[in-house]
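Peer 1: the following comprises the amino acid sequence and a computationally predicted model.
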Amino acid sequence: MDFTDGRLVFRPGDDGYDEEIAGFQTGFAQRPAIVFAAGSADDVVAAVSYAADAGLPVGVQATGHGLPGSSQGGVLISTRRMDSVEIDADARTVTVGAGVRWGQVVEAAAAHGLAPLNGSAPGVGAVSYTLGGGLGILAREFGYAADHVRRLDVVTADGTLRHVTQESEPELFWGLLGGGANLGVVTALEIGLVPVARLYGGAIEFDGREVDPARVLRAYEAWTRTVPDELTSSVAALVYPDMPQLPPHLRGRYLVTVRVAYTGSEAAGERLVAPLREIGPVVSDSLREMPYTDSHTIHSDPDFPHSYYGDSVAVAGLDVDAAIELLALTGPAAEKMHVVQINQLGGALAKPAGNAVPHRGAGWLVRVLSPFQGGDGTDLDAVRAVQDRAFGLFAPAAVGRLLNFAFAAGERGDGAGGDGLYDAGTQKRLAGLKATYDPANLFRRNYGVGKAG
(Lines give C-alpha, C1' and ligand atoms only; values in the text may rest on other atoms or scores of the structure.)
Protein backbone atom coordinates (compact mmCIF):
# COMPACT_ATOMS: atom_id res chain seq x y z
CA MET A 1 0.00 0.00 0.00
CA ASP A 2 1.05 3.62 -0.33
CA PHE A 3 -0.30 7.10 0.05
CA THR A 4 -1.20 9.08 -3.05
CA ASP A 5 -1.49 12.78 -2.21
CA GLY A 6 -1.77 11.70 1.41
CA ARG A 7 -4.49 9.15 0.70
CA LEU A 8 -4.48 5.44 1.45
CA VAL A 9 -4.11 3.46 -1.78
CA PHE A 10 -3.59 -0.24 -2.52
CA ARG A 11 -2.27 -1.85 -5.69
CA PRO A 12 -2.00 -5.54 -6.65
CA GLY A 13 0.78 -7.16 -4.65
CA ASP A 14 0.58 -4.69 -1.79
CA ASP A 15 0.09 -5.93 1.75
CA GLY A 16 -3.57 -5.47 2.54
CA TYR A 17 -4.76 -5.39 -1.09
CA ASP A 18 -6.56 -8.73 -0.92
CA GLU A 19 -8.18 -7.84 2.40
CA GLU A 20 -9.32 -4.47 1.06
CA ILE A 21 -11.09 -5.95 -1.98
CA ALA A 22 -12.58 -8.91 -0.10
CA GLY A 23 -16.33 -8.71 0.40
CA PHE A 24 -19.38 -10.71 1.34
CA GLN A 25 -19.76 -12.12 -2.21
CA THR A 26 -16.82 -14.48 -2.82
CA GLY A 27 -17.97 -16.21 -6.01
CA PHE A 28 -16.68 -13.65 -8.50
CA ALA A 29 -13.11 -12.37 -8.48
CA GLN A 30 -12.23 -8.75 -9.19
CA ARG A 31 -8.75 -7.30 -9.56
CA PRO A 32 -8.84 -3.52 -9.68
CA ALA A 33 -5.63 -1.80 -10.75
CA ILE A 34 -5.85 0.55 -7.79
CA VAL A 35 -7.97 0.75 -4.65
CA PHE A 36 -8.69 4.03 -2.91
CA ALA A 37 -9.52 3.36 0.72
CA ALA A 38 -11.75 6.38 1.21
CA GLY A 39 -12.23 7.94 4.61
CA SER A 40 -14.01 11.10 3.45
CA ALA A 41 -15.86 12.68 0.56
CA ASP A 42 -12.61 14.44 -0.43
CA ASP A 43 -10.99 11.01 -0.86
CA VAL A 44 -13.82 9.99 -3.17
CA VAL A 45 -13.39 13.19 -5.20
CA ALA A 46 -9.69 12.39 -5.56
CA ALA A 47 -10.39 8.81 -6.63
CA VAL A 48 -13.01 9.78 -9.22
CA SER A 49 -10.77 12.53 -10.59
CA TYR A 50 -7.87 10.08 -10.85
CA ALA A 51 -10.03 7.59 -12.72
CA ALA A 52 -11.39 10.23 -15.09
CA ASP A 53 -7.89 11.48 -15.92
CA ALA A 54 -6.65 7.92 -16.52
CA GLY A 55 -9.74 6.82 -18.43
CA LEU A 56 -10.37 3.96 -16.01
CA PRO A 57 -13.74 2.52 -14.94
CA VAL A 58 -14.88 3.03 -11.34
CA GLY A 59 -16.50 0.61 -8.93
CA VAL A 60 -17.56 1.16 -5.34
CA GLN A 61 -17.58 -1.33 -2.49
CA ALA A 62 -18.88 -0.88 1.03
CA THR A 63 -19.73 -4.35 2.35
CA GLY A 64 -19.31 -6.38 -0.82
CA HIS A 65 -22.78 -7.96 -0.91
CA GLY A 66 -23.04 -6.57 -4.43
CA LEU A 67 -20.43 -6.71 -7.16
CA PRO A 68 -18.46 -3.62 -8.24
CA GLY A 69 -17.67 -5.42 -11.51
CA SER A 70 -16.78 -2.23 -13.34
CA SER A 71 -13.62 -1.93 -11.24
CA GLN A 72 -11.94 -4.86 -12.99
CA GLY A 73 -8.59 -3.44 -14.15
CA GLY A 74 -9.74 -0.01 -13.03
CA VAL A 75 -10.38 1.93 -9.83
CA LEU A 76 -12.19 0.53 -6.80
CA ILE A 77 -13.33 2.95 -4.11
CA SER A 78 -13.63 1.21 -0.76
CA THR A 79 -15.99 3.14 1.49
CA ARG A 80 -16.13 0.94 4.58
CA ARG A 81 -14.23 3.52 6.65
CA MET A 82 -16.96 6.13 5.99
CA ASP A 83 -19.16 4.78 8.75
CA SER A 84 -20.63 7.81 10.51
CA VAL A 85 -24.23 7.67 11.75
CA GLU A 86 -25.92 10.91 12.87
CA ILE A 87 -29.46 10.84 14.26
CA ASP A 88 -31.70 13.91 14.34
CA ALA A 89 -34.47 12.63 16.61
CA ASP A 90 -36.58 15.78 16.31
CA ALA A 91 -36.59 15.64 12.50
CA ARG A 92 -36.78 11.82 12.54
CA THR A 93 -33.85 11.51 10.16
CA VAL A 94 -30.49 9.80 10.03
CA THR A 95 -27.46 10.78 7.98
CA VAL A 96 -25.30 7.80 7.08
CA GLY A 97 -21.88 7.59 5.51
CA ALA A 98 -21.23 5.45 2.43
CA GLY A 99 -19.83 2.53 4.41
CA VAL A 100 -22.52 2.26 7.09
CA ARG A 101 -24.28 -1.07 7.62
CA TRP A 102 -27.92 -1.28 8.58
CA GLY A 103 -27.23 -2.85 11.96
CA GLN A 104 -25.48 0.34 13.05
CA VAL A 105 -28.48 2.45 12.06
CA VAL A 106 -31.00 0.17 13.76
CA GLU A 107 -29.10 0.39 17.06
CA ALA A 108 -28.62 4.17 16.88
CA ALA A 109 -32.25 4.89 15.93
CA ALA A 110 -33.67 2.56 18.58
CA ALA A 111 -32.32 4.79 21.32
CA HIS A 112 -34.88 7.38 20.15
CA GLY A 113 -37.79 5.00 19.57
CA LEU A 114 -37.23 5.14 15.81
CA ALA A 115 -36.35 2.70 13.07
CA PRO A 116 -34.94 2.83 9.54
CA LEU A 117 -36.49 0.97 6.61
CA ASN A 118 -33.73 -1.60 6.60
CA GLY A 119 -33.71 -5.04 5.07
CA SER A 120 -33.47 -8.43 6.70
CA ALA A 121 -29.68 -8.58 7.12
CA PRO A 122 -27.91 -6.11 9.45
CA GLY A 123 -24.61 -6.46 7.56
CA VAL A 124 -25.94 -4.98 4.31
CA GLY A 125 -24.67 -1.53 3.32
CA ALA A 126 -27.33 1.14 3.88
CA VAL A 127 -26.40 3.35 0.93
CA SER A 128 -26.18 0.75 -1.84
CA TYR A 129 -29.36 -0.93 -0.56
CA THR A 130 -31.23 2.37 -0.72
CA LEU A 131 -29.91 3.37 -4.15
CA GLY A 132 -31.29 0.07 -5.47
CA GLY A 133 -34.71 0.82 -3.97
CA GLY A 134 -34.57 -0.94 -0.61
CA LEU A 135 -37.25 -3.58 -0.05
CA GLY A 136 -37.36 -3.96 3.72
CA ILE A 137 -39.14 -5.89 6.42
CA LEU A 138 -41.72 -3.08 6.90
CA ALA A 139 -42.10 -2.37 3.18
CA ARG A 140 -45.84 -2.87 2.75
CA GLU A 141 -46.55 -0.27 5.41
CA PHE A 142 -43.89 2.33 4.57
CA GLY A 143 -42.75 1.64 1.00
CA TYR A 144 -39.20 1.48 -0.32
CA ALA A 145 -36.30 2.95 1.62
CA ALA A 146 -35.58 5.16 -1.40
CA ASP A 147 -38.97 6.81 -0.90
CA HIS A 148 -37.75 8.27 2.39
CA VAL A 149 -34.46 9.86 1.26
CA ARG A 150 -34.16 13.59 1.91
CA ARG A 151 -30.66 14.31 0.57
CA LEU A 152 -27.81 12.59 -1.24
CA ASP A 153 -24.20 13.73 -1.26
CA VAL A 154 -22.74 12.40 -4.51
CA VAL A 155 -19.50 12.76 -6.46
CA THR A 156 -20.28 12.83 -10.17
CA ALA A 157 -17.93 11.93 -13.00
CA ASP A 158 -16.62 15.49 -13.28
CA GLY A 159 -15.22 15.22 -9.75
CA THR A 160 -17.85 17.54 -8.25
CA LEU A 161 -19.35 16.83 -4.82
CA ARG A 162 -23.03 17.66 -5.12
CA HIS A 163 -25.60 17.97 -2.34
CA VAL A 164 -28.71 16.73 -4.12
CA THR A 165 -32.29 17.19 -2.94
CA GLN A 166 -35.61 16.98 -4.71
CA GLU A 167 -35.65 20.78 -4.75
CA SER A 168 -32.04 21.48 -5.78
CA GLU A 169 -31.58 18.93 -8.58
CA PRO A 170 -34.87 17.08 -9.03
CA GLU A 171 -33.89 15.02 -12.08
CA LEU A 172 -30.62 13.74 -10.59
CA PHE A 173 -32.40 13.08 -7.30
CA TRP A 174 -34.97 11.00 -9.18
CA GLY A 175 -32.35 8.95 -11.03
CA LEU A 176 -30.00 8.24 -8.14
CA LEU A 177 -32.82 6.60 -6.18
CA GLY A 178 -33.50 3.38 -8.01
CA GLY A 179 -30.79 3.91 -10.62
CA GLY A 180 -28.10 2.31 -8.49
CA ALA A 181 -24.40 3.19 -8.73
CA ASN A 182 -24.57 4.38 -12.33
CA LEU A 183 -24.48 8.17 -12.03
CA GLY A 184 -21.88 8.79 -9.34
CA VAL A 185 -20.48 7.78 -5.97
CA VAL A 186 -22.85 8.59 -3.11
CA THR A 187 -20.85 9.54 -0.04
CA ALA A 188 -23.76 10.12 2.37
CA LEU A 189 -27.54 9.92 2.59
CA GLU A 190 -30.06 11.70 4.78
CA ILE A 191 -32.99 9.34 5.26
CA GLY A 192 -36.29 9.60 7.10
CA LEU A 193 -36.92 7.28 10.05
CA VAL A 194 -40.25 5.83 11.19
CA PRO A 195 -41.69 5.79 14.73
CA VAL A 196 -41.35 2.04 15.30
CA ALA A 197 -39.72 0.73 18.47
CA ARG A 198 -41.18 -2.79 18.54
CA LEU A 199 -43.05 -5.21 16.36
CA TYR A 200 -44.74 -8.58 16.33
CA GLY A 201 -42.95 -11.02 14.09
CA GLY A 202 -40.78 -14.04 13.58
CA ALA A 203 -40.88 -17.20 11.51
CA ILE A 204 -42.93 -20.36 11.44
CA GLU A 205 -41.12 -23.34 9.89
CA PHE A 206 -42.62 -26.45 8.30
CA ASP A 207 -40.74 -29.60 7.36
CA GLY A 208 -41.30 -29.85 3.62
CA ARG A 209 -40.98 -33.62 3.74
CA GLU A 210 -43.74 -33.91 6.34
CA VAL A 211 -46.07 -31.07 5.34
CA ASP A 212 -46.72 -30.82 1.60
CA PRO A 213 -45.08 -27.58 0.36
CA ALA A 214 -48.05 -27.15 -1.99
CA ARG A 215 -50.31 -27.01 1.05
CA VAL A 216 -48.14 -24.35 2.66
CA LEU A 217 -48.02 -22.23 -0.50
CA ARG A 218 -51.76 -22.38 -1.14
CA ALA A 219 -52.58 -21.54 2.47
CA TYR A 220 -50.01 -18.73 2.58
CA GLU A 221 -51.20 -17.10 -0.65
CA ALA A 222 -54.83 -17.23 0.52
CA TRP A 223 -53.81 -15.80 3.91
CA THR A 224 -52.02 -12.82 2.35
CA ARG A 225 -55.31 -11.70 0.82
CA THR A 226 -56.66 -11.11 4.33
CA VAL A 227 -53.81 -9.19 6.00
CA PRO A 228 -53.47 -5.41 6.42
CA ASP A 229 -50.69 -3.30 4.91
CA GLU A 230 -49.09 -3.08 8.36
CA LEU A 231 -48.04 -6.72 7.90
CA THR A 232 -45.14 -7.58 5.59
CA SER A 233 -44.33 -11.23 4.93
CA SER A 234 -42.59 -13.76 2.73
CA VAL A 235 -42.33 -17.51 2.32
CA ALA A 236 -38.97 -19.20 1.83
CA ALA A 237 -37.85 -22.74 1.04
CA LEU A 238 -34.44 -24.42 1.11
CA VAL A 239 -32.72 -27.69 1.84
CA TYR A 240 -30.13 -27.06 4.52
CA PRO A 241 -26.79 -28.79 3.97
CA ASP A 242 -25.79 -31.47 6.44
CA MET A 243 -22.98 -29.47 8.02
CA PRO A 244 -21.68 -29.55 11.60
CA GLN A 245 -21.68 -25.73 11.64
CA LEU A 246 -25.49 -25.77 11.59
CA PRO A 247 -27.77 -26.46 14.57
CA PRO A 248 -28.76 -30.16 14.65
CA HIS A 249 -32.44 -29.43 13.94
CA LEU A 250 -31.50 -27.80 10.60
CA ARG A 251 -28.94 -30.24 9.16
CA GLY A 252 -30.18 -31.82 5.97
CA ARG A 253 -33.71 -30.60 6.57
CA TYR A 254 -36.04 -29.20 3.91
CA LEU A 255 -37.80 -26.24 5.48
CA VAL A 256 -40.62 -24.13 4.11
CA THR A 257 -40.81 -20.99 6.25
CA VAL A 258 -43.22 -18.08 6.54
CA ARG A 259 -41.65 -14.85 7.86
CA VAL A 260 -43.77 -12.09 9.35
CA ALA A 261 -43.24 -8.49 10.51
CA TYR A 262 -46.26 -6.62 11.85
CA THR A 263 -46.29 -3.24 13.61
CA GLY A 264 -49.66 -3.75 15.30
CA SER A 265 -50.21 -5.11 18.79
CA GLU A 266 -49.18 -8.55 19.94
CA ALA A 267 -52.81 -9.55 20.46
CA ALA A 268 -53.75 -8.49 16.93
CA GLY A 269 -50.67 -10.25 15.58
CA GLU A 270 -51.63 -13.48 17.29
CA ARG A 271 -55.07 -13.31 15.70
CA LEU A 272 -53.63 -12.58 12.26
CA VAL A 273 -51.16 -15.50 12.25
CA ALA A 274 -53.60 -18.06 13.64
CA PRO A 275 -54.39 -19.48 10.15
CA LEU A 276 -50.68 -20.13 9.56
CA ARG A 277 -50.48 -22.29 12.66
CA GLU A 278 -53.32 -24.41 11.33
CA ILE A 279 -51.44 -25.42 8.17
CA GLY A 280 -49.77 -28.39 9.86
CA PRO A 281 -47.17 -29.44 12.44
CA VAL A 282 -44.25 -27.03 12.72
CA VAL A 283 -40.54 -27.48 13.24
CA SER A 284 -40.33 -24.15 15.08
CA ASP A 285 -42.47 -21.10 15.74
CA SER A 286 -40.70 -17.90 16.77
CA LEU A 287 -43.62 -15.50 16.25
CA ARG A 288 -43.57 -13.08 19.17
CA GLU A 289 -43.44 -9.49 20.39
CA MET A 290 -39.89 -8.12 20.02
CA PRO A 291 -37.92 -4.88 20.19
CA TYR A 292 -37.06 -3.61 16.74
CA THR A 293 -33.40 -4.27 17.48
CA ASP A 294 -34.23 -7.99 17.30
CA SER A 295 -35.88 -7.71 13.89
CA HIS A 296 -32.90 -9.35 12.17
CA THR A 297 -33.90 -12.63 13.86
CA ILE A 298 -37.00 -12.86 11.66
CA HIS A 299 -34.90 -13.99 8.71
CA SER A 300 -31.64 -14.90 10.48
CA ASP A 301 -29.72 -14.43 7.24
CA PRO A 302 -26.17 -15.86 7.15
CA ASP A 303 -23.61 -13.26 8.17
CA PHE A 304 -20.46 -14.94 6.81
CA PRO A 305 -18.99 -14.32 3.32
CA HIS A 306 -19.91 -16.89 0.68
CA SER A 307 -20.39 -17.32 -3.05
CA TYR A 308 -23.76 -17.18 -4.75
CA TYR A 309 -25.69 -16.28 -7.88
CA GLY A 310 -29.27 -15.11 -7.89
CA ASP A 311 -32.00 -13.14 -9.54
CA SER A 312 -35.62 -12.14 -9.17
CA VAL A 313 -38.83 -11.62 -11.07
CA ALA A 314 -41.58 -9.24 -10.06
CA VAL A 315 -45.03 -10.51 -11.05
CA ALA A 316 -48.44 -8.91 -11.17
CA GLY A 317 -50.04 -11.82 -9.34
CA LEU A 318 -48.74 -15.04 -7.86
CA ASP A 319 -49.44 -18.18 -9.89
CA VAL A 320 -49.50 -20.68 -7.02
CA ASP A 321 -49.18 -23.65 -9.38
CA ALA A 322 -46.01 -22.11 -10.81
CA ALA A 323 -44.72 -21.52 -7.27
CA ILE A 324 -45.39 -25.17 -6.40
CA GLU A 325 -43.46 -26.23 -9.51
CA LEU A 326 -40.64 -23.89 -8.49
CA LEU A 327 -40.31 -25.59 -5.11
CA ALA A 328 -40.27 -29.00 -6.79
CA LEU A 329 -37.48 -27.79 -9.11
CA THR A 330 -35.34 -26.36 -6.31
CA GLY A 331 -36.18 -28.69 -3.42
CA PRO A 332 -34.78 -32.03 -2.23
CA ALA A 333 -34.68 -33.51 -5.77
CA ALA A 334 -32.42 -30.72 -7.06
CA GLU A 335 -28.76 -31.50 -7.67
CA LYS A 336 -27.64 -28.22 -6.09
CA MET A 337 -28.78 -26.06 -3.22
CA HIS A 338 -31.20 -23.23 -4.00
CA VAL A 339 -32.85 -20.71 -1.71
CA VAL A 340 -36.32 -19.57 -2.79
CA GLN A 341 -38.09 -16.57 -1.33
CA ILE A 342 -41.46 -15.19 -2.40
CA ASN A 343 -42.37 -11.74 -1.06
CA GLN A 344 -45.81 -10.22 -0.95
CA LEU A 345 -45.59 -6.66 -2.27
CA GLY A 346 -48.41 -4.11 -2.62
CA GLY A 347 -49.46 -1.69 0.06
CA ALA A 348 -47.23 1.39 0.22
CA LEU A 349 -44.86 -0.19 -2.32
CA ALA A 350 -47.47 0.44 -5.00
CA LYS A 351 -47.70 4.18 -4.34
CA PRO A 352 -46.00 6.53 -6.84
CA ALA A 353 -42.86 8.28 -5.60
CA GLY A 354 -40.42 10.79 -6.99
CA ASN A 355 -37.69 8.32 -7.88
CA ALA A 356 -36.67 5.70 -10.43
CA VAL A 357 -37.66 2.62 -8.41
CA PRO A 358 -39.62 0.60 -11.00
CA HIS A 359 -42.39 -2.00 -11.20
CA ARG A 360 -44.59 -0.57 -8.46
CA GLY A 361 -47.61 -2.34 -9.85
CA ALA A 362 -46.15 -5.76 -9.03
CA GLY A 363 -47.95 -7.76 -6.38
CA TRP A 364 -45.20 -10.29 -5.69
CA LEU A 365 -41.46 -10.80 -5.96
CA VAL A 366 -40.02 -14.26 -6.62
CA ARG A 367 -36.34 -14.71 -5.77
CA VAL A 368 -33.93 -17.58 -6.25
CA LEU A 369 -30.42 -17.56 -4.81
CA SER A 370 -28.04 -20.42 -5.51
CA PRO A 371 -24.85 -20.86 -3.48
CA PHE A 372 -21.90 -22.23 -5.46
CA GLN A 373 -21.03 -25.67 -4.17
CA GLY A 374 -17.36 -25.29 -4.94
CA GLY A 375 -17.28 -21.72 -3.71
CA ASP A 376 -15.58 -20.52 -6.88
CA GLY A 377 -18.38 -20.24 -9.43
CA THR A 378 -17.31 -23.23 -11.51
CA ASP A 379 -20.87 -24.54 -11.48
CA LEU A 380 -22.28 -21.23 -12.78
CA ASP A 381 -23.68 -22.68 -16.03
CA ALA A 382 -25.63 -25.35 -14.15
CA VAL A 383 -26.97 -22.77 -11.70
CA ARG A 384 -28.04 -20.46 -14.53
CA ALA A 385 -29.84 -23.31 -16.27
CA VAL A 386 -31.95 -24.03 -13.18
CA GLN A 387 -32.69 -20.36 -12.60
CA ASP A 388 -33.68 -19.79 -16.21
CA ARG A 389 -36.19 -22.63 -15.88
CA ALA A 390 -37.36 -21.31 -12.53
CA PHE A 391 -38.07 -17.77 -13.70
CA GLY A 392 -39.57 -19.05 -16.94
CA LEU A 393 -42.40 -20.51 -14.86
CA PHE A 394 -43.56 -16.96 -14.04
CA ALA A 395 -43.08 -15.39 -17.47
CA PRO A 396 -46.82 -14.89 -18.20
CA ALA A 397 -47.23 -12.56 -15.20
CA ALA A 398 -43.72 -11.04 -15.15
CA VAL A 399 -43.38 -7.26 -15.05
CA GLY A 400 -39.61 -7.05 -14.53
CA ARG A 401 -36.75 -7.61 -12.10
CA LEU A 402 -35.52 -5.70 -9.04
CA LEU A 403 -31.97 -4.38 -9.05
CA ASN A 404 -31.13 -5.27 -5.45
CA PHE A 405 -31.94 -8.93 -6.08
CA ALA A 406 -29.98 -9.38 -9.30
CA PHE A 407 -27.21 -11.07 -7.30
CA ALA A 408 -24.29 -11.26 -9.76
CA ALA A 409 -26.74 -11.62 -12.66
CA GLY A 410 -25.05 -8.65 -14.30
CA GLU A 411 -22.00 -10.89 -14.69
CA ARG A 412 -23.78 -13.19 -17.13
CA GLY A 413 -21.55 -12.14 -20.01
CA ASP A 414 -24.39 -12.62 -22.52
CA GLY A 415 -25.62 -9.03 -22.54
CA ALA A 416 -28.79 -9.91 -20.62
CA GLY A 417 -27.72 -8.57 -17.24
CA GLY A 418 -29.87 -5.45 -17.50
CA ASP A 419 -32.94 -6.93 -19.16
CA GLY A 420 -36.19 -6.16 -17.36
CA LEU A 421 -34.73 -4.01 -14.61
CA TYR A 422 -36.62 -0.94 -15.84
CA ASP A 423 -39.67 -0.19 -17.93
CA ALA A 424 -39.03 1.59 -21.22
CA GLY A 425 -39.91 5.06 -19.93
CA THR A 426 -37.68 4.80 -16.87
CA GLN A 427 -34.83 3.37 -18.91
CA LYS A 428 -35.01 6.20 -21.43
CA ARG A 429 -35.04 8.81 -18.68
CA LEU A 430 -32.06 7.19 -16.93
CA ALA A 431 -30.17 7.06 -20.24
CA GLY A 432 -30.67 10.81 -20.57
CA LEU A 433 -29.21 11.36 -17.12
CA LYS A 434 -26.29 9.09 -17.98
CA ALA A 435 -25.52 11.20 -21.05
CA THR A 436 -25.64 14.36 -18.96
CA TYR A 437 -23.70 13.33 -15.84
CA ASP A 438 -21.40 10.56 -17.09
CA PRO A 439 -20.95 10.88 -20.87
CA ALA A 440 -17.59 9.05 -20.77
CA ASN A 441 -19.20 6.07 -18.99
CA LEU A 442 -16.92 6.18 -15.96
CA PHE A 443 -19.44 4.31 -13.82
CA ARG A 444 -20.22 1.22 -15.85
CA ARG A 445 -22.96 -0.38 -13.78
CA ASN A 446 -25.36 0.42 -16.58
CA TYR A 447 -28.07 -2.18 -15.95
CA GLY A 448 -29.12 -1.82 -19.58
CA VAL A 449 -28.87 2.01 -19.50
CA GLY A 450 -26.46 4.01 -21.63
CA LYS A 451 -23.27 2.68 -23.18
CA ALA A 452 -22.34 -0.96 -22.78
CA GLY A 453 -19.78 -1.56 -20.09
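Peer 2: Cool, got the structure. The shown structure was predicted, so the numbers you read here are calculated from the model rather than taken from an experiment. Numbering: from 1, shown residues only.
Peer 1: every contact and neighbour count from this point should use C-alpha atoms.
Peer 2: OK.
Peer 1: elements contacting the helix or strand hosting residue 86?
Peer 2: Secondary structure from DSSP states H and E places residue 86 in strand 85-88. Packed against strand 85-88, as judged by 3 or more CA pairs under 8 Å, 6 or more residues apart in numbering; DSSP states H and E, are the following elements: strand 93-97, helix 102-110.
Peer 1: 6 Å instead?
Peer 2: For strand 85-88, the packing partners by 3 or more CA pairs under 6 Å, 6 or more residues apart in numbering; DSSP states H and E come out as strand 93-97.
Peer 1: can you list contacts of the strand it packs on?
Peer 2: When contacts are taken as CA atoms under 6 Å, 6 or more residues apart in numbering, the neighbours of strand 93-97 outside the stretch itself are 82-87, 187-193.
Peer 1: same thing with stretch 176-183?
Peer 2: Contacts of stretch 176-183 with the rest of the structure, by CA under 6 Å, 6+ apart, involve 131-133, 146, 355-357, 443, 445-446.
Peer 1: switch to 8 Å and redo it
Peer 2: Outside of stretch 176-183, the residues that reach it under the criterion CA atoms under 8 Å, 6 or more residues apart in numbering are 60, 128, 130-133, 146, 156-157, 175, 355-358, 403, 430, 433-434, 437-438, 443-446.
Peer 1: mind checking which of the contacts of strand 93-97 are buried?
Peer 2: Neighbour-count burial within the contacts of strand 93-97 applies to 82-83, 85, 87, 187-193; the criterion is 16 or more other CA atoms under 10 Å.
Peer 1: could you tell me which of these belong to strands?
Peer 2: Secondary structure of the buried ones among the contacts of strand 93-97 is defined by DSSP state E; positions in strands are 85, 87, 187-192.
Peer 1: tell me the one of these nearest residue 47?
Peer 2: Lowest distance from residue 47 to those (CA to CA) belongs to residue 187, with 12.4 Å.
Peer 1: name the element residue 206 belongs to?
Peer 2: Here residue 206, judged by DSSP H and E, is contained in strand 198-207.
Peer 1: residue 313 belongs to a strand?
Peer 2: Yes: assigned with DSSP: H, G, I helix; E, B strand; the rest coil, residue 313 falls within a strand.
Peer 1: what's the spacing between it and residue 352?
Peer 2: Distance, residue 313 to residue 352, by CA to CA, to the nearest Å: 20 Å.
Peer 1: which one's more surrounded, these two?
Peer 2: residue 313 (27 against 13; other CA atoms under 10 Å).
Peer 1: is the more buried one bridged to anything, and to what?
Peer 2: For residue 313, the beta-bridge partners under DSSP bridges are residue 366.
Peer 1: same check on residue 192?
Peer 2: In this entry, residue 192 is beta-bridged to residue 93, by DSSP bridges.
Peer 1: the helices in the stretch 201-350 of the chain, which residues?
Peer 2: All helices of the stretch 201-350 of the chain, identified by DSSP state H, counting those that start in this stretch, fall at 213-224, 266-277, 320-330.
Peer 1: turn these into TSV, columns for mean neighbour count.
Peer 2: Putting those into TSV (neighbours: other CA atoms under 10 Å) gives the following:
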stretch	mean neighbour count
helix 213-224	17
helix 266-277	14
helix 320-330	18
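Peer 1: next, format those as a markdown table and append mean pLDDT.
Peer 2: What follows is the helices of the stretch 201-350 of the chain, written out as a markdown table (pLDDT from 0 to 100):
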| stretch | mean pLDDT |
| --- | --- |
| helix 213-224 | 98 |
| helix 266-277 | 98 |
| helix 320-330 | 98 |
